[in-house]
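# Just to be clear, the model below is a prediction. Sequence and coordinates:
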Amino acid sequence: MKVKITSEQYNHLLKRREVAFEVEHTETKGTPPRFEVRKKLASLLKTDLELVYVKTVETKRGTMVAVGEANAYDSIEQAKLLEPQHIVARNMPPEKPEEKKEE
């Protein structure tokens, strides 16, 4: 999976970087999970994982290239204040199945 930032703009009012990106996912075949894209973007932007939120990831029809948008905030407080709850929920790491406890 290769992530390439196509545009980056700093929003001074909201204290965040607004990023547009492309993901080439020929080896995974399907649209990559949002959490994986989030980790790659955090490393490319040289920021913490908790400050990056992926808004959209959508594969272009008939290709192995997905396009999307993300926000990288200056602080966690600013992110909690501005990001909608459904976007925060979508960017959480996938939950592992809980093991059954025997009583």
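Arrived safely, thanks for sending.
# residue contacts, residue 52?
Counting by C-beta atoms under 8 Å, 6 or more residues apart in numbering, residue 52 makes contact with 38, 41, 42, 45, 70, 71, 72, 73, 91. (C-beta placed from N, C-alpha, C; glycine too.)
# does the first one really touch residue 70, like I thought?
Spelled out, that is residue 38. Yes. Counting by C-beta atoms under 8 Å, residue 70 is a contact partner of residue 38 at 7.4 Å.
# more crowded one of these two?
Set residue 38 next to residue 70 and count neighbours by other C-beta atoms under 10 Å: residue 70 wins out with 27 against 21.
# Just confirm the more buried one is within a helix.
No. Going by DSSP: H, G, I helix; E, B strand; the rest coil, the assignment for residue 70 is strand, not a helix.
# Is residue 17 in a helix, a strand, or coil?
Under three-state DSSP, residue 17 falls in the strand class.
# can you count the residues close to it?
Residue 17, neighbours per other C-beta under 10 Å, totals 19.
# again, but for residue 50
Neighbours of residue 50 under the rule other C-beta under 10 Å: 14.
# before we move on, back to that, overlap in contacts, residue 38 and residue 70.
Common neighbours of residue 38 and residue 70 (criterion: C-beta under 8 Å, 6+ apart): 52, 53, 54.
# Across the sheet, point out what pairs with the first one.
Right, residue 52. Under DSSP bridges, the beta-bridge partners of residue 52 are residue 72.
# For it, give its distance to residue 60.
Separation of residue 52 from residue 60 (C-beta to C-beta, to the nearest Å) stands at 22 Å.
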